[in-house]
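Engineer: what would the 3D arrangement of this be:
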Amino acid sequence: MFKKKETIPEDSGTGEMTKLLKPTKVKRLRKGKIRITFIWILFLVGFIYAVYRNYTTVDTHTIVEREVVIAEIVDTSALISFVTNFAETYYAWDNTPTNLQKRFQQLELYMTEDLLRLNTGSISPGIHESAVVTNVQTWGIEKRDINTFNVWFTVNQRLEFAPPSTTNQREQLPESNQQESLHESNGQEPLLEYFPQERLIEYKNISSSFQIDVHVEIDGSMIVITNPTLHPFPMRSDFSPDTSSTNSNVTNEVIRDVEYFLESFFRLYPTLTEREMVHYVRDNALPVLQMERFEFDSFQRIVIQGSENEEQVRVMLIARFNDAMTNMTQLSQYDLLLEQNGSWSIIYDLSSRGNHAHENFKEE
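Structural biologist: Sure thing, here's the model as predicted:
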């Protein structure tokens, strides 16, 4: 507990002592203690800070998400049938109160109660027209949410116009429909008899375009939840494909040979068997037809283009066939890649693959 005090001998000559060693030892011990103390303080501060951060900071994790789009195939055949039946009921009526009431009862199978109340009285019993639906076409189906689909359709109707019932009263008959006959009767004045002309019915065909929302349950039950709303008719596209011309780099000899080969092939094509096709077509580039009623007549149009490969040409043509059964002219359009390997043969049908050029074909 107590350290023994050491005596330091004095040097007799100079008076110097060994005290030089003692201060050196004390300094070394102080530096070591300071260093160790500093390390401990640093450690404690770091530990306390780590504990503080552990309780105060938000625990975050980096999550890498990858969105995978999976095409969902939805069978809409039942939906199309439902909308077709609804349109045939909604847009058809007769001008009698009994038939109008029957139509309203049939609409209960398709529409919500709110829509039924909304459509009450939409067709007046006193109208002189009746309507028959001749055609319903579905043009588009869009999924609104999980159970709701928007359907765009067109309706063709035939309206029947029936004039009001004619009577024998003269004031209700036009003069053109009155026929008079005079009868002598016991010296009395002549009597007028009126014979009304037979009623005529006029017809008119109209087309309309609408859209509705249909709610579809998991079990397949459906109901119309929005009233038919006007929608634009499908528009005609102004797109026109490029009508290429015969490439000037193709020699007249090649043109004659290709035209002769194709004419020979198409004269036989409707009746060729699979075994006979191999003499004209490579790797099943064209299907076997086996339709004897079609007879080749001529080429309506033929365009021949050369390529970097001198042995290949691209031919765009319209072949004219006569149908012996219907007496109709059938125009068939082809986009073919031909190759000469001793003789010409068809190696690819570009028209059956989205009209994209073959990877080995490069136009000059």
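
Engineer: so where do the strands sit in the stretch 51-200 of the chain?
Structural biologist: 129-143, 148-161 (DSSP state E, counting those that start in this stretch).

Engineer: switch those strands over to a markdown table; also include mean pLDDT.
Structural biologist: Below are these laid out as a markdown table (pLDDT from 0 to 100):
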| stretch | mean pLDDT |
| --- | --- |
| strand 129-143 | 94 |
| strand 148-161 | 94 |
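
Engineer: so which of these comes closest to residue 114?
Structural biologist: Among these, the nearest to residue 114 by Cβ to Cβ is strand 148-161 (15.7 Å). Using the backbone N, CA and C atoms, a C-beta is placed for each residue, glycine as well.

Engineer: sheet partners, orientation included, of the helix or strand following that closest one?
Structural biologist: Remark: after strand 148-161, the chain's next helix or strand is strand 202-216, criterion DSSP states H and E. Partners of strand 202-216 in the sheet, by DSSP bridges, are strand 148-161 (antiparallel), strand 222-224 (antiparallel), strand 229-230 (antiparallel).

Engineer: low-confidence ranges in the stretch 151-300 of the chain?
Structural biologist: 162-200 (pLDDT under 70).

Engineer: nearest to residue 285, of the strands paired with strand 202-216?
Structural biologist: Nearest of the strands paired with strand 202-216 (Cβ to Cβ): strand 148-161, 38.8 Å.

Engineer: return the most buried member of the strands of the stretch 51-200 of the chain.
Structural biologist: strand 148-161 (a mean of 17; mean count of other Cβ atoms under 10 Å).

Engineer: can you point out the buried residues in stretch 212-220?
Structural biologist: Within stretch 212-220, the residues that qualify as buried are 212, 213, 214, 215, 216, counting by 16 or more other Cβ atoms under 10 Å.

Engineer: what would those look like in TSV with distance to residue 233?
Structural biologist: As requested, these are exported to TSV (distance: Cβ to Cβ, whole Å):
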residue	distance to residue 233
212	16
213	20
214	21
215	26
216	26
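
Engineer: mind checking pLDDT for residue 85?
Structural biologist: Per-residue pLDDT puts residue 85 at 97.

Engineer: so what's it closest to, chain neighbours aside?
Structural biologist: Spatial nearest neighbour of residue 85, excluding adjacent residues (Cβ to Cβ, 6 or more residues apart in numbering): residue 110 at 7.5 Å.

Engineer: measure how buried the one you found is and give me the count.
Structural biologist: 20 (other Cβ atoms under 10 Å).

Engineer: residue 223 is in contact with that one, correct?
Structural biologist: Yes - using Cβ atoms under 8 Å, residue 110 is in contact with residue 223, at 6.9 Å.

Engineer: that older thread, out of the strands paired with strand 202-216, which gets nearest to residue 120?
Structural biologist: Where these are weighed against each other on Cβ to Cβ, the nearest is strand 222-224, at 15.5 Å.

Engineer: in the closest one, what counts as buried?
Structural biologist: Quick answer for strand 222-224 (16+ other Cβ under 10 Å): 222, 223, 224.

Engineer: is residue 218 in a helix, a strand, or coil?
Structural biologist: Assigned state for residue 218: coil (three-state reduction, DSSP: H, G, I helix; E, B strand; the rest coil).

Engineer: from residue 75, how far out is it?
Structural biologist: 14 Å (Cβ to Cβ, to the nearest Å).
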